[in-house]
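Peer 1: What follows is a predicted structure for the sequence shown.
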Amino acid sequence: MSSSQEDSSSDTNNPAVLDRPNPEKEAERLYLNERDKIGNEGWEVRIYNDGDNTREFVARCLVKVASLTEVDAYHTMMHAHQNGVAVVGQWEYERAELYNEALKKRGIVSDLNPVDKEK
């Protein structure tokens, strides 16, 4: 066996070196992730047009769940009906998540979307 073959085979037999976990860095990363979720007015709830729910039902749900006025709920529902998707509103993460889950519970197709901070 040549010396170059011995060198390459001995490298593969060495154990890998792992970095020691840094709890301070991990805590900072988790804090930054949570801060991004919680930010002010940083999340929008969107609804989508579907063939299952009537327009009246969707509008009533928007009034009950997101406290929209009847006129705003109607316009939001019509926008989703005509364009496929509409933004219900923008809130901090916890409130947006609460509204999204309440709409889903009523059978409304909805999701959360982070708002671009540069807009």
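Peer 2: Sure, I can see it.
Peer 1: who does P114 bridge with?
Peer 2: P114 has these beta-bridge partners by DSSP bridges: W43.
Peer 1: So what's the residue count around it?
Peer 2: 13 (other Cβ atoms under 10 Å). All C-beta atoms are positioned from the backbone trio N, CA, C, and that covers glycine.
Peer 1: repeat for N83
Peer 2: 10.
Peer 1: What separation do you get for it and I47?
Peer 2: Distance, N83 to I47, using Cβ to Cβ, to the nearest Å: 11 Å.
Peer 1: V87 too?
Peer 2: Counting by Cβ to Cβ - V87 and I47 are separated by 8 Å.
Peer 1: Repeat that for R60.
Peer 2: Relative to I47, R60 is positioned 13 Å away (Cβ to Cβ).
Peer 1: Those two: which has the busier surroundings?
Peer 2: When neighbours are counted by other Cβ under 10 Å, I47 comes out ahead of the other of R60 and I47, with 25 against 15.
Peer 1: Surely that one and A80 touch.
Peer 2: Yes: between I47 and A80 there is a contact at 5.0 Å, judged by Cβ atoms under 8 Å.
Peer 1: what ranges do the strands span in this structure?
Peer 2: Here the chain has its strands, by DSSP state E, at 43-48, 85-91, 110-114.
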